[in-house]
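Participant: Whatever this is, show me its structure:
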Amino acid sequence: MQRVIYGFLLFGIALAGLAAGGAIWALTLGAACYIGGTEFITMTQAKGMKPSPRIIRNMIIAFFALAALPGIPGLNIPHDFPIQHFPLLLTIGVCLSFFRLLFRNENPPATIADIATTILGFIYVGWLPSHLILLRDLAPAGAKLLANPLQQPGLAYVWASLFVIWSTDVFAYYAGKKFGKTLLYPQVSPKKTIEGAFGGLVASIFMALLVVWCADNYVFPNAPFQNKLWQAPLLGFFVSIGAQLGDLCESLLKRDAGMKDSGNLIPGHGGMLDRGDGLIFGGAISYYWICIVVLGIL
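Facilitator: Residues are numbered from 1 along each chain as shown. Below you'll find the predicted structure:
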């Protein structure tokens, strides 16, 4: 019951932030990733590594702040401004990581592992999930700007991504319990099965078809997916694969750190990284898929 209650509470907070869009969505997801960054730092410290917490946390804030700029009223910043400047911010973060650890007041100042985990931290928990902010602000070329956040096409894109990721997680769990016999990757995750992974993949393809069809025909104006229903199964396939690999990657980090959960912030669920591992890769894949295949703007 505790797991269910906190699960619905977390879902409600995420839903409210997503529905509002703009700076509120960026603050909601950014706060979750800031906590996730702290969990990542704890995992690396459990392995004896000493990344720069300040660089990781500040770079997470910087990525989300940059991604949020087009959604702030009155600034009139184009939606492609953040993606154009992400390489610059990433370059600054890499350079700062080296320079900060080079002059750290310790002897020796830093190790290769310290520098590598600092850079990995803000890429993994900052740069990748911030694509969900960019996704929320996307719109087809020439589409009329809609003041109602519940009708904006970006909401449809994020909804499609989230439903695919959630259906992957839920149906992989139940298919694994019902039919699971062959372990998927026991060295990393001893309970996941091939049957469960396949069940999650099939469910995600169906969910992508359903969400895209409903979005274009009933829920959102101006057909946010441009009536390209043919691409929905592929969207479901690639995002589901990304989400499942994201789950395994986070399991790999926890296993190497000797931790069962990334944190204990959410009773019955573990930490933020435990709940958001599929979103980290799935959200970034969704953004580039929508941009390239659906909208043709990259």
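Participant: I'd like to know how far V212 sits from N227.
Facilitator: Between V212 and N227 the distance is 9 Å, computed by Cβ to Cβ, to the nearest Å. C-beta: built from backbone N, CA, C; applies to glycine.
Participant: who has more neighbours, those two?
Facilitator: Counted by other Cβ atoms under 10 Å, V212 and N227 do not tie: V212 has more neighbours, with 29 against 11.
Participant: What strand or helix carries that one?
Facilitator: helix 194-214 (DSSP states H and E).
Participant: That helix packs against which elements?
Facilitator: Helix 194-214 makes packing contacts with helix 153-179, strand 183-185, helix 232-257 when contacts are defined by 3 or more Cβ pairs under 8 Å, 6 or more residues apart in numbering; DSSP states H and E.
Participant: which parts of the second one are buried?
Facilitator: In other words, strand 183-185. Residues L184 are the ones in strand 183-185 that count as buried (16 or more other Cβ atoms under 10 Å).
Participant: gap between it and the chain center?
Facilitator: Mean-position distance between strand 183-185 and its chain equals 24 Å (Cα atoms, centre = their mean, to the nearest Å).
Participant: Average the pLDDT values over it and round to the nearest integer.
Facilitator: Averaged over strand 183-185, pLDDT sits at 93.
Participant: How about the longest one?
Facilitator: Here helix 153-179 scores 94 as its mean pLDDT.
Participant: Return the helix or strand containing L18 as PDB; C-alpha atoms alone will do.
Facilitator: Using DSSP H and E, L18 maps to helix 2-20. Included here for helix 2-20 are C-alpha records, laid out as PDB according to Å, rounded to 0.1, in the frame of the first residue of the first chain:
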ATOM      1  CA  GLN A   2       2.900   2.400   0.800                       C
ATOM      2  CA  ARG A   3       4.400   1.700  -2.600                       C
ATOM      3  CA  VAL A   4       1.100   2.400  -4.300                       C
ATOM      4  CA  ILE A   5       0.400   5.600  -2.400                       C
ATOM      5  CA  TYR A   6       3.800   7.100  -3.100                       C
ATOM      6  CA  GLY A   7       3.700   5.900  -6.700                       C
ATOM      7  CA  PHE A   8       0.400   7.800  -7.300                       C
ATOM      8  CA  LEU A   9       1.800  10.900  -5.400                       C
ATOM      9  CA  LEU A  10       4.900  10.900  -7.600                       C
ATOM     10  CA  PHE A  11       2.800  10.400 -10.700                       C
ATOM     11  CA  GLY A  12       0.500  13.300  -9.700                       C
ATOM     12  CA  ILE A  13       3.400  15.700  -9.300                       C
ATOM     13  CA  ALA A  14       4.900  14.700 -12.700                       C
ATOM     14  CA  LEU A  15       1.500  14.900 -14.400                       C
ATOM     15  CA  ALA A  16       0.900  18.400 -13.000                       C
ATOM     16  CA  GLY A  17       4.300  19.700 -14.100                       C
ATOM     17  CA  LEU A  18       3.900  18.100 -17.500                       C
ATOM     18  CA  ALA A  19       0.400  19.600 -18.100                       C
ATOM     19  CA  ALA A  20       1.600  23.100 -17.100                       C
END
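Participant: residue farthest from the centroid of the chain?
Facilitator: N107 (36.6 Å; Cα atoms, centre = their mean).
Participant: for it, phi and psi?
Facilitator: N107 has phi and psi values of phi -130, psi 110 when expressed as degrees, to the nearest 10.
Participant: Kindly report the same for P221.
Facilitator: According to degrees, to the nearest 10, P221 has phi -80, psi 160.
Participant: Now it. Nearest residue, chain neighbours left out?
Facilitator: The spatial neighbour of P221 that comes closest, neighbours along the chain excluded (Cβ to Cβ, 6 or more residues apart in numbering), is Q151 at 5.9 Å.
Participant: is it true that the one you found touches A215?
Facilitator: No. Checked against Cβ atoms under 8 Å, the pair Q151 and A215 is beyond contact range at 10.9 Å.
Participant: ok, the two, which is more surrounded?
Facilitator: More crowded of Q151 and A215, by other Cβ under 10 Å: A215, with 20 against 14.
Participant: The residue lying closest to the more buried one once chain neighbours are set aside: what's it in contact with?
Facilitator: Nearest residue to A215, sequence neighbours excluded (Cβ to Cβ, 6+ apart): A156, at 4.2 Å. Residues near A156 by Cβ atoms under 8 Å, 6 or more residues apart in numbering: 211, 215, 219-220, 224-225.
Participant: rerun that using 10 Å as the cut-off
Facilitator: Contact analysis of A156 by Cβ atoms under 10 Å, 6 or more residues apart in numbering lists 136, 138, 211-212, 214-216, 219-220, 222-225, 290.
Participant: now, which of those sits nearest N264?
Facilitator: R136 (29.3 Å; Cβ to Cβ).
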